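Asks: here's a sequence, model it:
(4 chains)
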2 protein chains.
Amino acid sequence: MARRSQTETAVLGALSMQPMTAYALREAIRDVLGHFWSESFGQIYPTLNALEQQGHVERREGPRSGSSTFVITDSGTARLRELLSEPITATPPRNGLLLRLFFGRTLGVRKCRELLLEARADAERSLAEYDGLARNLSVEEAGTPDLPYVLMTISAGRHGTAGVIAWVDEALALLDGIPDDDTADGGGTTGDGDTVGDTPTNGEP
Amino acid sequence: MARRSQTETAVLGALSMQPMTAYALREAIRDVLGHFWSESFGQIYPTLNALEQQGHVERREGPRSGSSTFVITDSGTARLRELLSEPITATPPRNGLLLRLFFGRTLGVRKCRELLLEARADAERSLAEYDGLARNLSVEEAGTPDLPYVLMTISAGRHGTAGVIAWVDEALALLDGIPDDDTADGGGTTGDGDTVGDTPTNGEP
DNA sequence: ATGGCCATGTAAACTGTTACATGATTCT
DNA sequence: AGAATCATGTAACAGTTTACATGGCCAT
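Replies: Here you go, the predicted structure:
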């Protein structure tokens, strides 16, 4: 129940905005909820069938022969409300970037720096994306009752990525305080003449 | 391989800092990496066995009879370096809070506000935690070569939660622009003399 | 001597992704 | 005609959590 219901929530939620085929549902989830949610076909199809059997959605003629459009029913809306009210099941944290940085001494200063720069580039890209998205929606969907809620989730993304950027800069500064002694090492040409050795390591603020 | 190796990374990484029993390993992962990583017993034990068979860790006498302390070998260190250098496998996003807010029209303004206030309270709590942690470590572990890397991950947590707090405030302001018509509704008495709505519900510690 | 923590391990259940098989429709 | 896209569905697999079974050690 626990986690499956989360898929149910996403599916019913999407259908609460408009009827769709399973295929379109997956695209909507990818494109619209993509910043904070994901579902795969393997989840969507069985969930829709279950939902249909429970009477929470109904299958109508689809846009093509053999395809079906799913429509949420009243009981489906009620169920959605129920699901949305359930306590949030937190997903256990798993941040691959931080895992790597935590063991940065083994990874090596250079690679850490690369990871951080990459992360910042990613963040800057999505920041621009969020801004564009928010601007477009505010115009195109002006007046839609869902707008403020959608904007809220975009705002979450914006603040999150802004935080990442601020963090990266701080982290890079921290890295600069570490001598490039590179416990780990690139693929061959090591710095060799790397001077070094006794540098006091720190320079704490 | 793909995802299992992430567990391997965490295990080898932890052992690279100091030898431990499997039990201690799990505690270390929970307590030290907890902000950005998690592993369960069911993963740790089999992984340790596999790692032992590959010669990446060695089993020594543990602190109690029948217990074993695992020590990372040279080949284990090499393997760790390899794993850390692998591209980050991004975990698909799954943010239950944003999922709920996105369908806020169905959830209802009041509940959205509650969720946001709760999120802010959580964030403020961990912010304080991060700050305390950073201060303690800077003193107690001063000079440890791992310190800057550890501080980096704490800094990530700090910026992340700071972002959450900033976002919550913005989101609450957005919510205030929505009439309390509450498509969704508490438990029964709809609309009519709805008075209400705006009491901040809380009194959080 | 009892409860609690250290310690190990496994089996079952669950969640979720990926790959595959299939075919209709639309576009070029 | 052929390619791309829409569309449905399943089976196999990978990863992970949870619950359980077990027992030594230590303090009150």
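Asks: A:Leu107 against B:Glu82, yeah?
Replies: No. If you go by Cβ atoms under 8 Å, A:Leu107 and B:Glu82 don't touch, sitting 10.5 Å apart. Just so you know, the C-beta spots here come from the backbone N, C-alpha and C atoms, and that holds for glycine as well.
Asks: neighbour count: those two, which is higher?
Replies: Taking other Cβ atoms under 10 Å in any protein chain shown, A:Leu107 and B:Glu82 do not tie; A:Leu107 has more neighbours (24 against 13).
Asks: how many neighbouring residues does the residue nearest to that one when sequence neighbours are not counted have?
Replies: Nearest residue to A:Leu107, sequence neighbours excluded (Cβ to Cβ, 6 or more residues apart in numbering or on different chains): B:Leu84, at 4.4 Å. With neighbours defined by other Cβ under 10 Å, the count for B:Leu84 comes to 26.
Asks: roughly how far apart are B:Leu84 and DNA strand D?
Replies: 16 Å (Cβ to the nearest atom of the strand, to the nearest Å).
Asks: is that residue part of a helix or strand, or is it coil?
Replies: When classified by DSSP: H, G, I helix; E, B strand; the rest coil, B:Leu84 comes out as helix.
Asks: so what's it up against?
Replies: By Cβ atoms under 8 Å, 6 or more residues apart in numbering or on different chains, B:Leu84 lies in contact with A:Arg100, A:Phe103, A:Thr106, A:Leu107, A:Lys111, A:Ala184, B:Thr9, B:Gly13.
Asks: ok, and which of those reach DNA strand D?
Replies: Near DNA strand D, judged by Cβ under 7 Å from any atom of the strand, there are no entries from the contacts of B:Leu84.
Asks: and the pLDDT at the residue nearest to A:Gly13 when sequence neighbours are not counted?
Replies: In space, and not counting its chain neighbours, A:Gly13 is closest to B:Phe103: 4.3 Å by Cβ to Cβ, 6+ apart. Looking at B:Phe103, its pLDDT reads 98.
Asks: ok, B:Phe103 - contacts?
Replies: B:Phe103 neighbours (Cβ under 8 Å, 6+ apart): A:Thr9, A:Gly13, A:Ser16, A:Leu80, A:Leu84, A:Tyr149.
Asks: A:Thr91 now?
Replies: Per Cβ under 8 Å, 6+ apart, neighbours of A:Thr91: B:Arg94, B:Gly96.
Asks: helix or strand: which one has it?
Replies: Under the criterion of DSSP states H and E, A:Thr91 resides outside all helices and strands.
Asks: by contact count, what packs against the longest helix seen in chain A?
Replies: The longest helix of chain A (DSSP state H) is helix A:109-140. Using 3 or more Cβ pairs under 8 Å, 6 or more residues apart in numbering or on different chains; DSSP states H and E, the elements in contact with helix A:109-140 are helix A:96-102, helix A:147-176.
Asks: nearest to B:Glu61, of those helices?
Replies: helix A:96-102 (28.4 Å; Cβ to Cβ).
Asks: now do that closest one: everything it contacts.
Replies: A:107, A:112, A:115-116, A:119, A:171, B:6, B:9-10, B:13, B:33, B:35-37, B:84, B:88-91, B:149-150, B:152-153, B:156.
Asks: on that earlier part again, between the contacts of B:Leu84, which is nearest A:Ser126?
Replies: Using Cβ to Cβ, A:Arg100 comes nearest to A:Ser126 of the contacts of B:Leu84, at 19.9 Å.
Asks: how much space separates that closest one from A:Gln54?
Replies: Distance, A:Arg100 to A:Gln54, by Cβ to Cβ, to the nearest Å: 44 Å.
Asks: of those two, who's got more company?
Replies: The residue with more neighbours, out of A:Arg100 and A:Gln54, is A:Arg100; 23 against 13, by other Cβ under 10 Å.
Asks: residue of chain A with the smallest distance to chain B?
Replies: Residue nearest to chain B within chain A: A:Gly163 (3.3 Å; Cβ to the nearest Cβ).
Asks: give me the number of residues near that residue?
Replies: So A:Gly163, with other Cβ under 10 Å, has 22 neighbours.
Asks: quick one: contacts for the closest residue to it other than its chain neighbours?
Replies: Counting by Cβ to Cβ, 6+ apart, the nearest residue to A:Gly163 once its immediate chain neighbours are dropped is B:Gly163, at 3.3 Å. Each residue near B:Gly163 by Cβ under 8 Å, 6+ apart is listed here: A:His159, A:Gly160, A:Ala162, A:Gly163.
Asks: now do the domain split for chain A, please.
Replies: Chain A resolves into domains spanning A:4-85, A:96-176 when parsed by automatic domain parsing.
Asks: pipe these into a markdown table and attach distance to B:Ala50 per row.
Replies: Below are those laid out as a markdown table (distance: least, Cβ to Cβ, whole Å):
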| stretch | distance to B:Ala50 |
| --- | --- |
| domain A:4-85 | 27 |
| domain A:96-176 | 19 |
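Asks: straight-line length of stretch A:129-149, end to end?
Replies: 18 Å (Cα to Cα, to the nearest Å).
Asks: quick check: mean pLDDT of it?
Replies: Computed over stretch A:129-149, the average pLDDT equals 94.
Asks: now do stretch A:38-45
Replies: Rounded mean pLDDT across stretch A:38-45 is 96.
Asks: what's next to it, contact-wise?
Replies: Contacts of stretch A:38-45 (Cβ under 8 Å, 6+ apart): A:Thr7, A:Ala10, A:Val11, A:Ala22, A:Leu25, A:Arg26, A:Ile29, A:Arg30, B:Pro92, B:Pro93, B:Arg94.
Asks: alright, that wraps it up for me.
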